[in-house]
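here is a sequence together with a model predicted from it:
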Amino acid sequence: MKKWKIDTAHSEIKFKVKHLLVSTVTGQFNNFDGEIETTSDNFENAKVTFSADVSSIYTKSEQRDTHLKSADFFDAEKYPKIKFTSTDFKKISDNEYKLTGDFTIRNTTKQIELNVEYNGKAKGFDGLEVAGFELTGKINRFDYGLEWNALTEAGSIVVGPDVKIEIFAEMKESTEVSKAA
């Protein structure tokens, strides 16, 4: 079993949501963790876990970030982490995979599917292997209890229901000794 840890200095966890249904607001989580455990060099059937600290949300607006951390949205005080645990990691072609798993926000867990582009491996400056992945997907925020919304005076919805997920992950070979399964 080989273990890989996310290199947070070379990775990004982003989301995009429609504002007034005409423009897109991008946000990110600045504190996160991730790991891959695999028995295969091509990562097929790997176990993938991920978590993000809700309090580290950043959207370029302190007022919006505070609102997103509140009970109207993520309720960071009560539910401090967003979590993902894979149930399937299937190779589709040379560099394309489907990652299926349990995604948890506000103690609500739903199965989601993410598209994964595998960018290959390289040796890092320390001689350890590095692997790169780009993951994309979409969730409906209402499915997770993030139901706050408002209408403008003209009747436009302030925040759209669909949230696009974009993860750019550089995974670094772990020197930890994995426990036998």
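Thanks, I have the structure now. Residues are numbered from 1 along each chain as shown.

in this protein, which spans are helices?
Assigned by DSSP state H, the chain shows helices spanning 62-69.

mind listing the residues bridging to the residue lying closest to I82 once chain neighbours are set aside?
Spatial nearest neighbour of I82, chain neighbours left out: A52 (4.6 Å); criterion: C-beta to C-beta, 6 or more residues apart in numbering. Bear in mind the C-beta positions are built from the backbone N, C-alpha and C, glycine included. Per DSSP bridges, the residues bridged to A52 are F32, I82.

likewise for K2?
Beta-bridge partners recorded for K2 (DSSP bridges): T38.

dump the residue contacts of the nearest residue to E129 once chain neighbours are set aside.
Distances taken as C-beta to C-beta, 6+ apart place E173 nearest to E129, at 4.2 Å, with adjacent residues excluded. Residues near E173 by C-beta atoms under 8 Å, 6 or more residues apart in numbering: K2, K3, W4, L128, E129, V130, A131.

just grab the bridge partners of the nearest residue to the fourth one once chain neighbours are set aside for me.
I take that to be L128. Spatially, and ignoring its direct neighbours in sequence, L128 is nearest to E173 (4.5 Å; C-beta to C-beta, 6+ apart). With beta bridges defined as DSSP bridges, E173 has these partners: W4.

next one, pLDDT for E173 please.
Looking at E173, its pLDDT is 95.

cool, and P161?
Taking P161 on its own, its pLDDT is 88.

same thing with the one 4 residues further on?
Note for I165: predicted pLDDT of 98.

ok, now how distant is the residue nearest to it when sequence neighbours are not counted from G120?
Leaving aside its chain neighbours, I165 sits nearest to G137 (4.7 Å; criterion: C-beta to C-beta, 6+ apart). Distance, G137 to G120, using C-beta to C-beta, to the nearest Å: 21 Å.

so for these two, which sits in the more crowded spot?
G137 (17 against 10; other C-beta atoms under 10 Å).

if I pick that one, what's in contact with it?
By C-beta under 8 Å, 6+ apart, G137 lies in contact with I112, E113, L114, N115, K164, I165.

and those residues, which two are furthest apart?
Greatest spatial distance among the contacts of G137 (C-beta to C-beta): E113 and K164, at 13.5 Å.
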